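Asks: quick one: sequence and predicted model below, then my questions.
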Amino acid sequence: MNKKTGSSSSAARWALTAAVAALVLAAPRAEAQYSVGRSVEITPFVGYYVGSDIYGYNVQVPLENSFMWGGRLTVNPSRRAGIEFAYTRATSEIGAPRGLGYGSGSIGDLTYDSYDINFLGYQPTTNARVTPFASMGFGWSSVHHDISIGSAVNATSNGSNTFFNFNFALGTKIEMNERAGLRLEGRWRTTDTNINTGAYYWCDIYGYCYSYGTSWYSSWELVAGVVLKTGS
C-alpha cells in the first residue's frame, strides 16, 4: 500500500512537472502568435492634423487644423525593430493674414503630401497583444497652395514645392488576432521650407529688442489605423 501510494505521488509530481514545463514552452508560442515581429503590415489610417500658424515680423497667417489620411507599409524583421514607408495627406485652410488689413475668413488652402521612411523600435510587454513603440524617420513633403485673396485685391496664386522633413512618433499596437489589430500614435513633424515661416521678437527690461527667424515649419498628427498583418 505504501509503495503504491509513493508511486502514485511520484507519478503526480512528474505529471505536474510535465504540465508546468508544457506551459512554459507554450507561452512563447502563444506570445509569438500575437507579436509584432517577423511580419509585414499594411496600415490604412485616418487622423487629425494640427498645423502651426506662419509668422512674419508684421503679419501672422493662420493655418487651420484638419482631417488627414494615409497608409503605411511596415516590415518587421524581429520583435524589436521595424522599417516602413508611409504616405500622409492633409489639407489646411489658410486664414486671412492678420496685420495686413485683409479682414477675416479663408483665402485658400495648403495641401501636404508627405512621403516618409520610418524606423521603429518596439517594447514587448507582459501583455503580448499590446506593443508600445517609438519611431523616427525622414522624407519629403510636396506642398501645394491655392490662394485667392478676393475681388478687392483681385489676386490669385497656386503652385507646389517639395521640401525635406523629419518626424518622431510614440504609439502602440493592439492585436485583435494574429492577422489584424489597431495602431494608435502621435507624431511630430517638422519641414524645412527654405524660407522664413516663423519670426519672433522680444524686448528686455532695458528696452533692447531682439528678433528670431526660422525656416522650419512644425505640425502634429494624431493617428488611428487598422493593421493588416502577414507572417508570424
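Replies: Perfect, thanks for sending it.
Asks: list the buried ones in the helix or strand harbouring residue 147?
Replies: Under the criterion of DSSP states H and E, residue 147 resides in strand 130-150. By 16 or more other CB atoms under 10 Å, the buried positions in strand 130-150 come out as 131, 133, 135, 137, 139, 141, 143, 146, 148-149. Heads up, the C-betas are built off the backbone N, CA and C, glycines and all.
Asks: want to try CSV for the residues you listed, with pLDDT and distance to residue 52 as columns?
Replies: Shown next, in CSV, are those (pLDDT from 0 to 100; distance: CB to CB, whole Å):
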residue, pLDDT, distance to residue 52
131, 94, 31
133, 97, 25
135, 97, 21
137, 97, 20
139, 95, 19
141, 91, 14
143, 86, 14
146, 80, 19
148, 71, 22
149, 59, 22
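Asks: now do the strand holding residue 147: which elements does it pack against?
Replies: For strand 130-150, the packing partners by 3 or more CB pairs under 8 Å, 6 or more residues apart in numbering; DSSP states H and E come out as strand 81-95, strand 106-122, strand 155-177, strand 180-192.
Asks: the second one to strand 81-95, inter-axis angle?
Replies: It stands for strand 106-122. Orientation of strand 106-122 against strand 81-95 (axes from the mean of the first three to the mean of the last three CA atoms, to 10 degrees) gives an angle of 170 degrees.
Asks: hey, what's the angle from strand 106-122 to strand 130-150? Just curious.
Replies: 160 degrees.
Asks: export strand 106-122 to PDB, keeping only CA atoms.
Replies: Extracted C-alpha coordinates of strand 106-122, given in PDB (Å, rounded to 0.1, in the frame of the first residue of the first chain):
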ATOM      1  CA  SER A 106     -10.300  81.800 -45.600                       C
ATOM      2  CA  ILE A 107      -8.200  82.900 -48.600                       C
ATOM      3  CA  GLY A 108      -7.300  79.400 -49.800                       C
ATOM      4  CA  ASP A 109      -5.800  76.100 -48.800                       C
ATOM      5  CA  LEU A 110      -2.500  74.400 -48.300                       C
ATOM      6  CA  THR A 111      -2.200  70.600 -49.100                       C
ATOM      7  CA  TYR A 112       0.700  68.400 -47.800                       C
ATOM      8  CA  ASP A 113       1.600  65.100 -49.400                       C
ATOM      9  CA  SER A 114       4.300  63.600 -47.200                       C
ATOM     10  CA  TYR A 115       6.400  60.500 -48.000                       C
ATOM     11  CA  ASP A 116       8.500  59.100 -45.200                       C
ATOM     12  CA  ILE A 117      10.900  56.300 -44.400                       C
ATOM     13  CA  ASN A 118      10.500  55.500 -40.700                       C
ATOM     14  CA  PHE A 119      12.500  53.300 -38.300                       C
ATOM     15  CA  LEU A 120      10.500  51.700 -35.400                       C
ATOM     16  CA  GLY A 121      11.600  50.300 -32.100                       C
ATOM     17  CA  TYR A 122       9.200  48.000 -30.200                       C
END
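Asks: what element comes up after the least confident helix or strand in the chain by mean pLDDT heading to the C-terminus?
Replies: Here the helix or strand of the chain ranked lowest by mean pLDDT, DSSP states H and E is helix 2-33, holding a mean of 47. Under the assignment DSSP H and E, the closest C-terminal helix or strand after helix 2-33 is strand 39-50.
Asks: paired strands for that following strand, with orientation please.
Replies: Sheet pairing of strand 39-50 (DSSP bridges) gives strand 66-76 (antiparallel), strand 216-231 (antiparallel).
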